[in-house]
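Asker: Sequence and predicted structure below; questions after.
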Amino acid sequence: MKEIKGFFDKLGSKALFDFYESSLYDSACGQDIVRVYAVSKNDLLKGDFKQDWKVWLGFG
């Protein structure tokens with residue numbers, strides 16, 4: 001996640017997003033798969049929709 005946040009920071013937009021990480025083990029390839037989500041902090045995503053993202057990712 002540090003690498004992804006670094007890309008957003010270089011663009012000057014890291015403060016505009018909340019970051020979430022989800023991982024799972026893929027037995028077919030024998031590796032962990034890590035997904036990083038950048039969810040906008042703008043007012044349109046506050047409230048129920050933003051909470052839905054947290055629940056969907058397992059953080060809420």
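Answerer: On my side now, so go ahead. Numbers count the residues shown, from 1 in each chain.

Asker: alpha carbons only for contacts and neighbour counts from here, please
Answerer: Noted.

Asker: Name the residues linked to the residue nearest to the spatial centre of the chain by a beta bridge.
Answerer: Centroid-nearest residue in the chain: Y37, 2.2 Å away (criterion: Cα atoms, centre = their mean). Beta-bridge partners recorded for Y37 (DSSP bridges): Y20.

Asker: For F8, which residues are in contact?
Answerer: F8 is in contact with K14, counting by Cα atoms under 8 Å, 6 or more residues apart in numbering.

Asker: Need the three-state assignment for I4.
Answerer: With DSSP: H, G, I helix; E, B strand; the rest coil as the basis, I4 sits in helix.

Asker: for it, what are its contacts?
Answerer: With Cα under 8 Å, 6+ apart, I4 has these contacts: V36.

Asker: Next one: it relative to C29, how far apart?
Answerer: In this view, I4 and C29 are 23 Å apart by Cα to Cα, to the nearest Å.

Asker: Go ahead and confirm the residue nearest to the centre of the chain touches K5.
Answerer: No: between Y37 and K5 there is no contact under Cα atoms under 8 Å: 10.3 Å.

Asker: which residues do these two both contact?
Answerer: Among the neighbours of Y37, those also in contact with K5 (Cα under 8 Å, 6+ apart) are F19.

Asker: mind listing the strands in this structure by residue range?
Answerer: For the chain, applying DSSP state E gives strands covering 17-26, 31-40.

Asker: can you put those in JSON lines and add distance to L11?
Answerer: Output for the strands of the chain, formatted as JSON lines (distance: least, Cα to Cα, whole Å):
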{"stretch": "strand 17-26", "distance to L11": "12"}
{"stretch": "strand 31-40", "distance to L11": "14"}
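
Asker: Out of those, the one nearest D9 is which?
Answerer: Nearest of the strands of the chain to D9, taken as Cα to Cα: strand 17-26 at 10.4 Å.
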